[in-house]
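Trainee: no sequence on this one, just coordinates:
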Ligand SMILES: *[C@@H]1O[C@H](CO)[C@@H](O)[C@H](O)[C@H]1NC(C)=O
């Protein structure tokens, strides 16, 4: 439900001027019998089919004309095997006789953007940093693109260091028999995939040392096919206790389900490092700044920020109903929505006006409190400054896997008002934020997960909580300070890297 596909199209033929590559040495040395069995089905076991797979990736790359030649060269390296591949564990260690630490091949939509992508990046960077600080790193790390289409604009927008990291880790040489494969995606992408993607694990479940599925879900259950796919894994990592319960209740073997929380980069999302982004103040999509005594030189507006994809699950209707009923222009507040389309067009202004009409909200005498939409791309590098420009973060979602913007806002020391159900219950308390009570559970009305249950957050309670953070700044500040402390304690990259390494060692020992 959470995957954001990119729109890059694939062209079948090889672009002119691309040199033929020699078949390269196989990166994954699969036992011969398996090769025989799987050669037909699986790309990576045969140099020529592997070559074709790479070509299809490369042609999609070449169809993206916006990519500069330098970036294009980078991606080509990432999508090509050898000759710059190095096995960092060979040579230089001075201990050739000691057994090599297990390899971890992390397969995720690294080049796609979206929820799983940013989560995977957070693990990879945390693990790499943490291994870099060890004299004898307990694991070796490799990565591969899997699970969604590539989105070259996303790749282009990544910090240079991240791109270099991806290329370096893509070059780690691992023997499949010594490798723990982490399939980080929705279970439909796992071997055999239900849609076109590089399979994970590449050759089925037998060849790797062990296979881990990393996934999550936003409703009260998994569908039976996903549960079945989870049970083929040696372990299933989920981010929260909520998922442990829902996965087990849906039939996933309890001995396989492990809670592995998600890191948040508390060094990057550190409010002491940033000045606020200048927010647009002129053109709200609803309401007006005219007649607002709190707006003007030297006056401070209280800014609510929300970040979400425009879909029903995110509770934008609950947010607008609460905000528009509770506040008017005279309150000196503003609501900023950083949003992007999800199977809809981009005319959010129209949708918001229409919602106010359809919901029969009555415009207050002194006018709607202003609502602003930021629908242009905000680069990752500017995100902390956006949080810094806000006074509170609010997300009355009906269900969240984890709630990445929520933990980012908490790391940025913002008070957060977020639905007290699903993923956020892992970290949100009345000490570090404002858990929003739920009125009742309701049925998902449409789509492949129709009939699952999710939460209906309370409009009345949300009104009260939004009013409360505006009126009680000391309390809000206290909770927000605690929020950052909790993020550092529980989810900083070093802390989570240790958790992941422990789990990798555990699953690899169990299968040696
Ligand atoms: C949040 O939900 C938990 C149960 O999941 C409950 O114990 C707690 O009281 C709730 N908090 C609020 C503020 O509603």
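Mentor: Good, I have the coordinates. As the structure is a computational prediction, the values presented were derived from the model and not from experiment.

Trainee: how long is stretch 365-373 from one end to the other?
Mentor: 23 Å (C-alpha to C-alpha, to the nearest Å).

Trainee: do the same with stretch 357-367
Mentor: 14 Å.

Trainee: What residues does this structure have near the ligand?
Mentor: Those residues of the chain that sit near the ligand, judged by C-beta under 6 Å from any ligand atom, are 420, 425, 430, 435, 437. The C-beta positions use only the backbone N, C-alpha and C, and glycine is treated the same way.

Trainee: ok, the second one to residue 406 distance?
Mentor: Taking C-beta to C-beta, to the nearest Å as the criterion, residue 425 is separated from residue 406 by 11 Å.

Trainee: of these two, who's got more company?
Mentor: Shown here are residue 425 and residue 406; by other C-beta atoms under 10 Å, residue 406 has more neighbours (27 against 17).

Trainee: May I ask which helix or strand encompasses the more buried one?
Mentor: helix 404-411 (DSSP states H and E).

Trainee: contacts for that helix?
Mentor: 115, 118-119, 262, 264-266, 269-270, 305, 307-308, 383, 387, 390, 393, 395, 400, 416, 418, 424, 427-428, 432-433, 480, 483-484, 486-488, 491 (C-beta atoms under 8 Å, 6 or more residues apart in numbering).

Trainee: thinking again about what came up before, just the buried ones from the residues of the chain next to the ligand?
Mentor: 420, 425, 435 (16 or more other C-beta atoms under 10 Å).

Trainee: So which of the residues you listed sit within strands?
Mentor: Of the positions in these, residue 435 sit in strands, assigned by DSSP state E.

Trainee: can you list the buried ones among the residues of the chain next to the ligand in JSON lines and add distance to residue 175?
Mentor: As requested, those are exported to JSON lines (distance: C-beta to C-beta, whole Å):
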{"residue": "420", "distance to residue 175": "47"}
{"residue": "425", "distance to residue 175": "41"}
{"residue": "435", "distance to residue 175": "47"}
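
Trainee: which one of the buried ones among the residues of the chain next to the ligand sits closest to residue 329?
Mentor: residue 435 (29.3 Å; C-beta to C-beta).

Trainee: which residues touch that closest one?
Mentor: With contact taken as C-beta under 8 Å, 6+ apart, residue 435 is in contact with 418-420, 424-425, 428-429.

Trainee: for the residues you listed, which one is nearest residue 312?
Mentor: When those are compared for distance to residue 312 (C-beta to C-beta), residue 419 wins out at 13.5 Å.

Trainee: do you know how far that closest one is from residue 317?
Mentor: In terms of C-beta to C-beta, residue 419 sits 13 Å off from residue 317.

Trainee: One more: residue 453?
Mentor: From residue 453 to residue 317 the distance is 18 Å (C-beta to C-beta).

Trainee: now do residue 137
Mentor: From residue 137 over to residue 317 (counting by C-beta to C-beta), the distance is 48 Å.

Trainee: out of these two, which sits in the busier spot?
Mentor: Set residue 137 next to residue 317 and count neighbours by other C-beta under 10 Å: residue 137 wins out with 18 against 15.

Trainee: count of residues packed around the residue lying closest to that one once chain neighbours are set aside?
Mentor: Counting by C-beta to C-beta, 6 or more residues apart in numbering, residue 137 lies nearest to residue 131, which is 4.0 Å off, once chain neighbours are set aside. As a burial measure, residue 131 scores 19 neighbours (other C-beta under 10 Å).

Trainee: Shouldn't residue 131 be within a helix?
Mentor: Yes. Counting by DSSP: H, G, I helix; E, B strand; the rest coil, residue 131 falls inside a helix.

Trainee: pLDDT value on it, please?
Mentor: On pLDDT, residue 131 comes in at 93.

Trainee: List the contacts of it.
Mentor: Residue 131 touches 137-139, 141, 497, counting by C-beta under 8 Å, 6+ apart.

Trainee: Out of those, which sit inside strands?
Mentor: Cross-referencing these against strands under DSSP E gives residue 141.

Trainee: Can you flag the buried ones in the contacts of residue 131?
Mentor: 137, 139, 141, 497.

Trainee: Quick check: of those residues, which lies closest to residue 370?
Mentor: Of these, the one sitting nearest to residue 370 (C-beta to C-beta) turns out to be residue 497, at 42.3 Å.

Trainee: Tell me who's in contact with the closest one.
Mentor: When contacts are counted by C-beta under 8 Å, 6+ apart, residue 497 touches 126-127, 129-131, 263.

Trainee: And it, how far from the ligand?
Mentor: Separation of residue 497 from the ligand (C-beta to the nearest ligand atom, to the nearest Å): 29 Å.
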